[in-house]
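> just need the structure, nothing else, for what follows:
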Amino acid sequence: MTFQNNVAVQLSAGVYYFDTLTLSGSAQLILPASGNVQIYILNASGNSTPLNFTGGSVTNTAADPSKLTFLYNGTNNVSIASISNNAFYGTIYAPNAPVTFSANGAIYGAVISKTINITNGGHLYYDADLANTTSGFQTYQSSPGGATFAITQFSWTPW
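Okay, the predicted model is just below:
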């Protein structure tokens with residue numbers, strides 16, 4: 001699914017399944033003030049960048065990373081490139097995919113990926129409250145009827 005040309009899409013709390021999701025041309029996903037949104041990216045089409053924010057944005061009015069989760073179990077690229085001078089509040093669970101964040105804004109939440117590349121002054125701030133929530137990264141199915149994953153530990157090492 002591609003949203004572009006200043007389109008604003010208001011989502012309700014719930015679970016969504018997209019083959020791909022691209023936000024461009026100042027398109028916006030707007031989340032509800034309450035309730036959680038989980039977006040599964042299936043990529044049955046084999047798109048090289050099935051989750052791609054190149055000129056669009058996501059508005060999480062609650063400013064709570066546990067309220068929005070993107071889940072992708074494939075190996076193709078995830079590109080978060082549209083957050084210039086803004087903030088993205090959410091979690092990205094793409095354990096097999098390289099994630100690129102090429103904007104000067106900030107991600108507040110968590111990213112689980114094969115690799116992460118942050119350029120152009122962007123920042124990633126892990127939200128420690130995600131470890132104590134029933135949403136965030138607890139358990140996820142890779143696709144409807146697919147394998148279930150659970151995060152059992154989390155750590156990082158300073159460079």
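> gap between the residue lying closest to residue 14 once chain neighbours are set aside and residue 45?
For residue 14, the nearest residue in space outside its immediate sequence neighbours is residue 37; the separation is 6.7 Å by C-beta to C-beta, 6 or more residues apart in numbering. Every residue, glycine included, has its C-beta placed from N, CA and C. The span separating residue 37 from residue 45 equals 22 Å under the rule C-beta to C-beta, to the nearest Å.
> who has more neighbours, those two?
In this view residue 37 and residue 45 are compared by other C-beta atoms under 10 Å, and residue 37 has more residues nearby, 21 against 8.
> contacting residues around the more buried one?
Applying C-beta atoms under 8 Å, 6 or more residues apart in numbering, one finds that residue 37 lies in contact with 11, 13-16, 31, 67-69.
> any idea what it is bridged to?
Listed beta-bridge partners, residue 37: residue 14, residue 68 (assigned using DSSP bridges).
> then residue 113?
Beta-bridge partners for residue 113, by DSSP bridges, are residue 94.
> count of residues packed around it?
Using other C-beta under 10 Å, residue 113 has 18 neighbouring residues.
> didn't it look like it was pressed against residue 79?
No - if you go by C-beta atoms under 8 Å, residue 113 and residue 79 don't touch, sitting 11.6 Å apart.
> now for those two: what residues contact both?
residue 99.
> confidence-wise, which helix or strand of the protein is lowest on average?
strand 139-141 (a mean of 50; mean pLDDT, DSSP states H and E).
> of the contacts of residue 37, select the buried ones using a ChimeraX command.
Applying 16 or more other C-beta atoms under 10 Å to the contacts of residue 37, the buried members can be selected in ChimeraX as follows:
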select :11,31,67,68,69
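> can you lay out the contacts of residue 37 as TSV showing pLDDT and distance to residue 130?
Formatted as TSV, the contacts of residue 37 follow (pLDDT from 0 to 100; distance: C-beta to C-beta, whole Å):
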residue	pLDDT	distance to residue 130
11	91	20
13	92	18
14	92	20
15	92	18
16	93	20
31	86	16
67	90	11
68	90	11
69	91	10
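> need the contacts of residue 37 in a markdown table with distance to residue 107, can you?
Conversion of those to a markdown table gives the following (distance: C-beta to C-beta, whole Å):
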| residue | distance to residue 107 |
| --- | --- |
| 11 | 19 |
| 13 | 21 |
| 14 | 23 |
| 15 | 22 |
| 16 | 20 |
| 31 | 15 |
| 67 | 14 |
| 68 | 11 |
| 69 | 13 |
